[in-house]
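# Here's my sequence, what's the structure:
(chains A and B)
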Amino acid sequence: MISFILNNQLIKTTQAGGSTVLDFIRYQKRFTGTKIGCREGDCGACTILVGDFENNELVYRSMTSCLMPLGNANSKHIVSVEGINMNGLSPVQQAMVDENGTQCGFCTIGFVMSLTGFVLNSQTKNYNEAIAAIDGNICRCTGYKSIERAASILSEKIKDKPHNQTIEWLVEKNFVPAYFINVKERLVQLRQQLTAEACELKAITQKLVLGGGTDLVVQKALKVKKSSLTHVFDDEKLKGIKFENGQCHIGAAVTVTMFAESALIKSFFPGLSKHTKLISSTPIRNMATMAGNLVNASPIGDMAIFFLALNSDIVLSKAGKTRTIKLKDFYKGYKQLDKDEDEIIEKIIFTAPQNSHFNFEKVSKRTHLDIASVNTACQFQLNDKGHIDCIHLSAGGVAPFPKYLNETCAFLTGKKITAAILKDAIEILNSEVAPISDARGTADYKRLLLRQLFLAHFTKQEEAVKEVLSV
Amino acid sequence: MITDDNKKITKNTAQDAAVWQVGNIDAANHVTGKSVYVDDIPVMEGMLFVKIFDSPIAHGKIKNIDFAAASKMDGIIKIFSYKDIPGQNQIGGIIPDEPFLADTEVHFRGQPVLLIVAENEDAAEEALKEIKIEIEQLPIITNPREAFAAGHLLSPSRKFEMGDIQTAFKNCKHIFEGRAETGGQEQLYLETQGAYAYPTEHDSVKIFSSTQGPTQVQRTTAKVLGVGMNKVEVDVPRLGGGFGGKEDQASFWGTAAAMVSWILKKPAKCIPHRMEDMRMTGKRNPYSSDYKIGLDDDLNIIAYEATYYQNGGAAADLSPAIIERTLFHATNSYRIPNVKVTAHSCKTNLPPNTAFRGFGGPQGMFVLESAIDQAAKILQVDAELIQRKNLMDDGYEFPYGQIVKDCQAKQCWDEVKELYDVPSVKKEIIDFNKQNKLYKKGMSLMPVCFGISFTNTMMNQARALVHVYTDGSVGVSTGAVEMGQGVNSKMLQVAASSFGIKPERVKLETTNTTRVANTSPSAASSTTDLNGKALQDACNQIKKRLFDFIKTELTDEEECDIEIKNEVVYINDEASVFNWTNLVQQAFLKRINLSAKGHYATPIINFDKSIEKGHPFAYHVYGTALTTVTVDCLRGTYEIDDVKVVHDFGSSMNRAVDLGQCEGGIVQGIGWMTMEEVIYNDEGRLLSNALSTYKIPDVYSVPKNIDVKFLYTDGHAMAILKSKAVGEPPLMYGIGAFFAIRNAVLAFNPSSAISYSAPITPEKVLMGLYNPAKEKNH
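The predicted structure follows:
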């Protein structure tokens, strides 16, 4: 039984936990405002808002309902456009109308929901944040300019939005219906009730482990729908970001958003928001989990590349037994992992990069909401003589799995960064990788691009880089 | 941002007062999710789902196909093959060369072979996996030049000629030759193709279809079912985007749902998954073209020759009409006295390519811009010098015989130059490029001249049905399909302004073949003109009856001026006691007909294919765009900084809608030129087969700034309310992005061998920045 609040209604359903929220709201509940555009999280036409507790506060996040497993809706507030419609138009809807931000209308609801999510977030109110909120929404008609104008009006309208009692303020201003005020309380009650029921049940661990669904539901929707699942997305044991003895511990079910918004993580990675902006889109980052990205073992997995350059460890567990291995040893071949079938990743541990330089680079056909042609991350530390004390370098899109570039790292260790050294390093780099031609680029291009992005890690050593490029 | 022309706005006040500004009348429904698309229509009990089993091989003979096991699976009702087709196995739109379901051969990967009918979608998907097909593979051709060499043509080649090209080239001081290529483009309407059908009385069927061409769906279904067109009703509530992709190719899905429904007497829905849609349907035709351009000492273009090899795919679809428009727009806005352009529509083993906004025009324009750019680069002059010098004027004869009239080419160009201060922009770019090593800027100017009308004269006709109800409310049906282009908003404006009543009295009905028959598809930028004029005709008929009624029944005067303004009836400029509501009521009591069917056929236009001359277009639309970009020369990525346009809207009747068409068209054009890359491998398999691998512009990749200046002109009498057609022309401004990026690459690496091959992806940019002289085309 899955229980949640859909708009203003309590839902209890026995539908499969691996079926999608999209199909449930459209075809079971006939809320047809939510549209089907691609069923792979790449267009945003099915965007909904999901209200869940973060630090005891009810926080709404945008998610693509096409990828969201119904099981992950349990004990949350699911909001479709029908759940924000009132007698008149909300200021979000009105701004879209006034600026002609809608043409054929098919993507429009997704934009309305994403912008409503931006409004509901107590932390966001400026124009750039409004645009960031629609980074997962594709429109084929407008060219976005009218939507940008709507976003601009909207950010002006919420400039006085308070950090506290945000929902009350928004209700007063007609951004959302009045029932939103009581949702928090209703969810608390629902959770108490569910906890009581859960105690009576024995935990059944099924073999198919499902996190945010952002990859499995794209690749194997029917299989996920028909399987018995272990939902780990809301597993408290797998959540949390901790700092102990100089090390960061990232729970397996931490989402990319949680990672990106963590004050702790941000303190170690000053350029973090620039990096995470290149990783998928807001709704996908709201759903995608760390461990999901790692076990997917995609050769261009962004978080895998990120963590490889931090020389991370991962903790694997199975029936209460845990073991810790290096992430770089986790990948054995194309989609081959050092992992038993019923083993799961519990957490990722890395040493906080204090005194070292860290950089993440990614180039894809479209800069945002796209899969990398090549991505790479690098962490290095220079000693007082300007020599590299320690370096970790990773690259994606150039090997059958996310690649830790052992030999290049070994070569660069102890070296001073000069044009000649960089050129030699590029030679070694090239011998370590074997890109293939595909929809994301030819092998020749990926080699050249890897060279360029490798050099981008050293832009502080500007003269050396320019010299290499001028050849 | 809209830049207004204050000098001329006064000129339009009269019209602005008469035409209500309504914006987009669907907007409030769109933002609340109340608008109804095919998949939102409440379905009936017992509805069946239709999935397509499509060919996994691009060319071959079907040796065996085994679906016995699949037929017996849970939830499977029936599997139909070509043998079950009641009528003809034929869905070709303009040439009957495309089977509905493959019979003994397959000609492209993704070609429909079987219809799987199931109680639910999951069952159909499971069944798909159990179908075994054995195909003896035949040679696969994906390249149009190879197809041409092998003699595979979809239709006879065409040639437009003017002047004496051979003599002209002999007299040219400079001659340049080269090759230019443009890629395909997936329409990527956010709503996929699809249809829902149910059986109706008298062995008939009703189809709700996501189509730009309701009549085309009706005609095709009738043919496949072997019944009269009167037994097939097609209803179109609205489209979640079309862009040409649902002009001809919606027919398959409509027919599939209808055939299942008609045979099994059950409601049936056939809506493909995005990936199925992408691999089964055609896209914008890729072109590979050769050009030769000749200039005199003063940079006048004296002669231009081009040969276009159009990748048509496996069936004609609309490709012969598309390549015809390539010929019509081969010389774009330029006055070239000697022209010879030749077009080959080549048959390859790809899904039949089809209409996409611009319809062959952009492909043709790109070739000439490449030729001019090459000339400029070698002669070491700015391309804009050659462009401006050769823009046309009134009186010039197009290569197809039409005489240029009301030309705005130079006016648009000069206004761009002045308003956006092109000399300063150029200087800023030069300075920026001097100061920055790893970032380079580039710019370009792109003029556009686009002809309005279907080039097939016969299609330039439309009808509209108007009912005035006894309470004064008005129902309007036309042949126009609302797909986001705002045609319903404009129809409402036409009806309200014709009657002199408030817009809220008017309701736009769905597009339905039983109310308005024999329609042309909503395409060619002409939908509003054609249907609007037909609607005016219908409104005028009713108005005339009402006015005659006033004259005979309510006044003593035989001759008087009657007018309805803001719902009040004025007789000889004086307000009478009558308003719209009581006039309508009284007229009805006197048994006056309050309904009318309007008809419009564009006058003057003609075209004689036997000599390739005539006057095919009602009028032309003009404009010019300035594009500036910045290239990151370390990463090979780029950003579009500005697109600044002066566009000839005539006397725009709906500025919100027109601005939206302009901005949206520009971004779509830029997408085609930059990141949108349709990739097939040598086996004819689509690699860019999902939104994860085929990228269209997102909010971060569009130009940081788009300025559109409305060039107010008197408009054109053949444009509805003198408001010129706006659907397609702005797309071609996007071509400017290609040349601006290319120029930035050359600023970094002057010896780059980057070719005239679009899209100019980050890959091509990076290779162009660092790998000179690898493949040299010129």
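# what packs against the host helix or strand of B:Tyr309?
According to DSSP states H and E, B:Tyr309 maps onto strand B:301-313. Packed against strand B:301-313, as judged by 3 or more C-beta pairs under 8 Å, 6 or more residues apart in numbering or on different chains; DSSP states H and E, are the following elements: helix B:144-149, helix B:165-170, strand B:287-295, helix B:319-328, strand B:338-347, helix B:361-379. Heads up, the C-betas are built off the backbone N, CA and C, glycines and all.
# quick one: the longest one to strand B:287-295, angle?
If I follow you right, that is helix B:361-379. Calculated by axes from the mean of the first three to the mean of the last three C-alpha atoms, to 10 degrees, helix B:361-379 forms an angle of 40 degrees with strand B:287-295.
# picking up where we left off before, right, and the helices and strands packed on strand B:301-313 - which one's nearest A:Gln189?
helix B:361-379 (59.2 Å; C-beta to C-beta).
# check contacts around the residue in the stretch 251-400 of chain A that chain B sits nearest to.
Residue nearest to chain B within the stretch 251-400 of chain A: A:Arg366 (4.0 Å; C-beta to the nearest C-beta). For A:Arg366, the contact set (C-beta atoms under 8 Å, 6 or more residues apart in numbering or on different chains) comprises B:675, B:695, B:697-698, B:701.
# How about the backbone phi and psi for it?
Phi and psi for A:Arg366, reported as degrees, to the nearest 10, are phi -110, psi 130.
# tally of neighbours for the nearest residue to it once chain neighbours are set aside?
Excluding its sequence neighbours, the residue lying closest to A:Arg366 (C-beta to C-beta, 6 or more residues apart in numbering or on different chains) is B:Lys695, at 4.0 Å. Around B:Lys695 there are 27 other residues, counting by other C-beta atoms under 10 Å in any protein chain shown.
# where does B:Lys695 fall, phi/psi-wise?
The phi/psi pair for B:Lys695 (degrees, to the nearest 10) reads phi -110, psi 130.
# Touching, it and B:Thr674? I think so.
No: using C-beta atoms under 8 Å, B:Lys695 is not in contact with B:Thr674, being 9.5 Å away.
# follow-up on the earlier one: please state the offset of the strand holding B:Tyr309 from the chain centre?
Put simply, strand B:301-313 sits 21 Å off its chain's centre (C-alpha atoms, centre = their mean, to the nearest Å).
# what's the pLDDT at the closest residue in space to A:Leu429 that isn't next to it in sequence?
Excluding the flanking residues, the one nearest A:Leu429 by C-beta to C-beta, 6+ apart is A:Thr408, at 4.8 Å. What the model reports as pLDDT for A:Thr408 is 98.
# And the residue nearest to B:Ser595 when sequence neighbours are not counted, how close does it get to B:Val569?
Spatial nearest neighbour of B:Ser595, chain neighbours left out: B:His467 (4.8 Å); criterion: C-beta to C-beta, 6+ apart. With the distance defined as C-beta to C-beta, to the nearest Å, B:His467 ends up 20 Å from B:Val569.
# Settle it for me: which of the two has more neighbours?
Comparing B:His467 with B:Val569 by neighbour count (other C-beta under 10 Å), the higher total belongs to B:Val569, at 22 against 17.
# Next up, the contacts around that one.
Contacts of B:Val569 by C-beta under 8 Å, 6+ apart are B:550, B:562-563, B:575-576, B:578-580, B:583.
# so which of the residues you listed comes closest to A:Ser356?
Nearest member of those to A:Ser356, counting by C-beta to C-beta, is B:Trp580, at 77.5 Å.
# So which bits of the stretch 51-200 of chain A are right by chain B?
A:80-82, A:85, A:89, A:92-93, A:96-97, A:100, A:102-109, A:112, A:131, A:134-135, A:137-148 (C-beta under 8 Å from any C-beta of the partner chain).
# angle of the one helix or strand B:Ile175 maps to against strand B:301-313?
Assigned by DSSP H and E, B:Ile175 belongs to strand B:174-182. Between strand B:174-182 and strand B:301-313, the angle comes out at 20 degrees (the same axes, to 10 degrees).
# Look up phi and psi at the residue nearest to A:Leu429.
Torsion angles, degrees, to the nearest 10, at A:Thr408: phi -60, psi -40.
# Tell me how far it lies from chain B.
A:Thr408 is 19 Å from chain B, where distance means C-beta to the nearest C-beta, to the nearest Å.
# And A:Leu187, by the same measure?
A:Leu187 is 24 Å from chain B, where distance means C-beta to the nearest C-beta.
# hang on, that residue packs against A:Val50?
No: applying C-beta under 8 Å as the test, A:Leu187 and A:Val50 come out as separate, 11.4 Å apart.
# Need the overlap of contacts for these two.
Jointly contacting A:Leu187 and A:Val50 under the rule C-beta under 8 Å, 6+ apart are A:76-77.
# Look at those two and report which has more neighbours.
A:Val50 (23 against 19).
# Please settle this for me: is the more buried one part of a strand?
Yes: secondary structure assignment places A:Val50 in a strand (DSSP: H, G, I helix; E, B strand; the rest coil).
# Break the chain down into its domains, please.
You didn't say which chain, so I picked chain A. The record's domain parsing of chain A by automatic domain parsing lists A:2-84+A:178-231, A:91-172, A:236-469.
# Not quite, go with chain B.
Domains of chain B are assigned by automatic domain parsing as B:405-456+B:617-778, B:461-601.
# mind giving me TSV with these and columns for mean pLDDT and distance to A:Asp370?
Shown next, in TSV, are the domains of chain B (pLDDT from 0 to 100; distance: least, C-beta to C-beta, whole Å):
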stretch	mean pLDDT	distance to A:Asp370
domain B:405-456+B:617-778	95	6
domain B:461-601	95	25
